[in-house]
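> sequence-free structure coming up:
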């Protein structure tokens, strides 16, 4: 399902999980509420009460329509997968340096969302989604990427515009996990598909970041 970005398959899984459990896990991953980051104006996104969902609502929510999430929420959700199953409270400041004193500001674990085993299964699935999915022609050849494209139609007057999208790619290097990154393009003009816009840009930025972080190649050619 992830490799093919298959909405029908996602809808099928959504109905297997059920509206109540699907809504529960949305909130477990931090969607629909503020993360507590030290920034003003943070949005909650929108997750409607599952009790009001129709069968169609459950199906579309499973592949991301009828709900909304901020880029921060999306990347924070991916961090759950990357760090072994814990939802973390994001922060802006890592440490304070005052003359000779260094004050570390620890990252707070909010709660465990997934078991470590399940999170590693998800990493494997995201690796396959990157290597064999829609963006496979742009994926770095010498680094193992775990990531996913997102092509979201934009709502307009109660409907979704088929010609306008927001394109995203979010992921991390699964063998180092030094960082997680999301690239979001609003209404890209060269293509409506994230695999052809956001994904290549994510890869270009990563090629520079591995130099900054000193991350050696980790994928056999």
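Sure, I can see it. Just so it is clear, the structure is predicted and the values come from calculations on it, not from any experiment.

> residues contacting residue 30?
Residue 30 makes contact with 73, 76, 77, 87, 110, according to CB atoms under 8 Å, 6 or more residues apart in numbering. The C-beta positions use only the backbone N, C-alpha and C, and glycine is treated the same way.

> so the third one, which of the three states?
The three-state label for residue 77, taken from DSSP: H, G, I helix; E, B strand; the rest coil, comes out as helix.

> give the contact list for the residue nearest to it when sequence neighbours are not counted.
The shortest distance from residue 77 to any residue other than its chain neighbours is 4.3 Å, reached at residue 29 (CB to CB, 6 or more residues apart in numbering). By CB under 8 Å, 6+ apart, the residues touching residue 29 are 73, 76, 77, 80, 87, 113.

> likewise residue 149?
Shown in contact with residue 149 (CB under 8 Å, 6+ apart): 5, 133, 134, 135, 167, 168, 169, 193, 194, 195, 198, 199.

> quick revisit: and which of the contacts of residue 29 is nearest to residue 154?
The closest of the contacts of residue 29 to residue 154 turns out to be residue 73 (CB to CB; 17.9 Å).

> between the contacts of residue 30, which sits nearest residue 203?
The nearest member of the contacts of residue 30 to residue 203, counting by CB to CB, is residue 77 at 21.0 Å.

> what ranges do the helices span in the chain?
Listed in chain order, the helices of the chain (DSSP state H) span residues 7-17, 19-28, 55-62, 71-82, 116-132, 198-213.
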